[in-house]
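Student: sequence first, then the predicted structure, then my questions.
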Amino acid sequence: MSNSAIAVSGLRKAYKDKVVLGGIDLDVPAGTVFSLLGPNGAGKTTTVNVLTTLIKADSGTARVAGHDVAAEGALVRSVIGVTGQFAAVDDLLTGQENLELMADLHHLRAAEARQVVASLLARFDLAESAQQLVSTYSGGMRRKLDLAMTLVSKPQIIFLDEPTTGLDPRSRRTMWGIVRELVADGVTVFLTTQYLEEADQLADRIAVLDQGRLVAEGTPDELKRLVPGSHVRLRFADVAALDAAARVLAGFTRDDQDLTLRVPSDGTSRSLRVLLDRLDEHMINADEVAVNTPDLDDVFLALTGHASTEAVAQ
């Protein structure tokens, strides 16, 4: 049996002359967080809409939990949960009533519904506000309730389409904690986000989508190594140690005022070990050692030709 929760091959979608997806391939292992990054208009939401059976692709295949999204839409919908960019909650109901409504829609038995609703209210720290109208909830509370409603049916795979847009940093980190708990329970999370730190914190693998095409895929560390600029920064106690290190190392940038050498590196532990062994051979001691690598903003800029939405907004 395949370990792929989501498998996509040659997926294409166009609206008249505008190609939104130009034949993308994806493989998302079960029980992981997979993040799809890309600038606005890259095709992220279209990808989610195809995988969740909201729209049909023009060509290509996509299987979710082993089910073909085109031919077995009902089966796909039975095993997924979807949380979109805007909380799909009813302001005229209380938090508890929103969850009870979802339980009814999924035909849960009364006893099971009560247990599930109580458990989710506690898990998302919404028990104290359960009897309040959702119209009184903060943005963070609404997002948590929206995700809790998604979990009523205990989905195997959850699609989070920019789930923390508009949230303050504290609420965003709360959501990150919830996502980690879901994955620890064996749930697969397909995440689209404009916050690169979010992808860096949560994702096991990241794919970068630009103008409907995948331009890179890998772990966060693998993607960072695609961009030049990684280096090891060595600080020494005095000029004598700095001079000694400069005689045995190559390709460095020297700063006499800070007593530092900046040595190019690929950011791997192996390259760091080789560098430190070189210093040890000559009995040279560095007081401080720091490995500096490009972040996902650098990767995004290099791959798409412009900064992320998040970087532009800062």
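Tutor: Structure's in. What do you need? Numbers count the residues shown, from 1 in each chain.

Student: ok, residue 7 to residue 61 distance?
Tutor: For residue 7, the distance to residue 61 (Cβ to Cβ, to the nearest Å) stands at 8 Å. Quick note: C-beta positions are derived from backbone N, CA and C, even for glycine.

Student: okay, and the common contacts of the two?
Tutor: Counting by Cβ atoms under 8 Å, 6 or more residues apart in numbering, residue 7 and residue 61 have no shared contacts at all.

Student: number of nearby residues for the nearest residue to residue 64 once chain neighbours are set aside?
Tutor: Nearest in space to residue 64, with sequence neighbours left out and distances taken as Cβ to Cβ, 6 or more residues apart in numbering, is residue 76 at 4.8 Å. Residue 76: 22 surrounding residues under other Cβ atoms under 10 Å.

Student: please renumber so the chain begins at 517
Tutor: Happy to do that; since the first residue is 517 now, the last one works out to residue 592.

Student: my guess is residue 592 contacts residue 570. True?
Tutor: No - applying Cβ atoms under 8 Å as the test, residue 592 and residue 570 come out as separate, 10.7 Å apart.

Student: so which residue is smack in the middle of the chain?
Tutor: By Cα atoms, centre = their mean, the chain has its centre lying nearest to residue 715, at 3.1 Å.

Student: wait, a strand at that residue?
Tutor: No - using DSSP: H, G, I helix; E, B strand; the rest coil, the assignment for residue 715 is helix, not a strand.

Student: and it, what pLDDT?
Tutor: Residue 715 carries a pLDDT value of 92.

Student: so who does it touch?
Tutor: Contacts of residue 715 by Cβ under 8 Å, 6+ apart are 551, 553, 707, 709, 722, 736, 812.

Student: from the residues you listed, which land in strands?
Tutor: For the contacts of residue 715, the ones inside strands are 551, 553, 707, 722, with DSSP state E as the criterion.

Student: roughly how far apart are the third one and residue 667?
Tutor: It refers to residue 707. On the measure of Cβ to Cβ, residue 707 and residue 667 end up 15 Å apart.

Student: of the two, who's got more company?
Tutor: residue 707 (25 against 22).

Student: hang on, isn't that one packed against residue 552?
Tutor: Yes - taking contacts as Cβ under 8 Å, residue 707 lies within contact range of residue 552: 7.1 Å.

Student: show me where pLDDT drops low in this protein?
Tutor: By pLDDT under 70, the weakly predicted segments of the chain are 517-518, 601-602, 822-830.

Student: tell me the SS of the residue located most distally from the centre of it?
Tutor: Ranking residues of the chain by C-alpha distance from their mean position (Cα atoms, centre = their mean) puts residue 756 at the top, at 46.1 Å. Under three-state DSSP, the three-state class of residue 756 is helix.

Student: please, where are all the helices along this protein?
Tutor: 560-567, 589-595, 611-621, 626-639, 655-666, 685-700, 712-718, 736-740, 755-764, 785-797, 812-820, 825-829 (DSSP state H).

Student: picking that back up, identify the residue spatially nearest to the residue nearest to the centre of the chain, adjacent ones excluded.
Tutor: Of all residues not flanking residue 715 in the chain, residue 551 sits nearest, at 4.1 Å (Cβ to Cβ, 6+ apart).

Student: the closest residue to residue 637 other than its chain neighbours: neighbouring residues, count only.
Tutor: Closest residue in space to residue 637, ignoring its immediate chain neighbours: residue 643 at 4.6 Å, by Cβ to Cβ, 6+ apart. For residue 643, the count of nearby residues is 14 (other Cβ under 10 Å).

Student: ok, residue 643 to residue 633 distance?
Tutor: Taken as Cβ to Cβ, the span from residue 643 to residue 633 is 10 Å.

Student: hang on, residue 727 packs against residue 540?
Tutor: No - taking Cβ under 8 Å as the definition, residue 727 is not a contact partner of residue 540, at 11.3 Å.

Student: what do these two both touch?
Tutor: Counting by Cβ under 8 Å, 6+ apart, the residues touching both residue 727 and residue 540 are residue 559.

Student: what about the two, which has more around it?
Tutor: Shown here are residue 727 and residue 540; by other Cβ under 10 Å, residue 540 has more neighbours (24 against 16).

Student: correct me if wrong: the more buried one contacts residue 562.
Tutor: No - here residue 540 lies out of contact with residue 562, judged by Cβ under 8 Å, at a distance of 10.1 Å.

Student: how does this structure divide into domains?
Tutor: 520-605+653-739, 747-808 (automatic domain parsing).

Student: now render those as TSV, adding distance to residue 820.
Tutor: Output for the domains of the chain, formatted as TSV (distance: least, Cβ to Cβ, whole Å):
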stretch	distance to residue 820
domain 520-605+653-739	4
domain 747-808	21
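
Student: pick the most buried one from the ones you listed.
Tutor: Burial of the domains of the chain is given as mean neighbour count (mean count of other Cβ atoms under 10 Å); domain 520-605+653-739 ranks first at a mean of 19.
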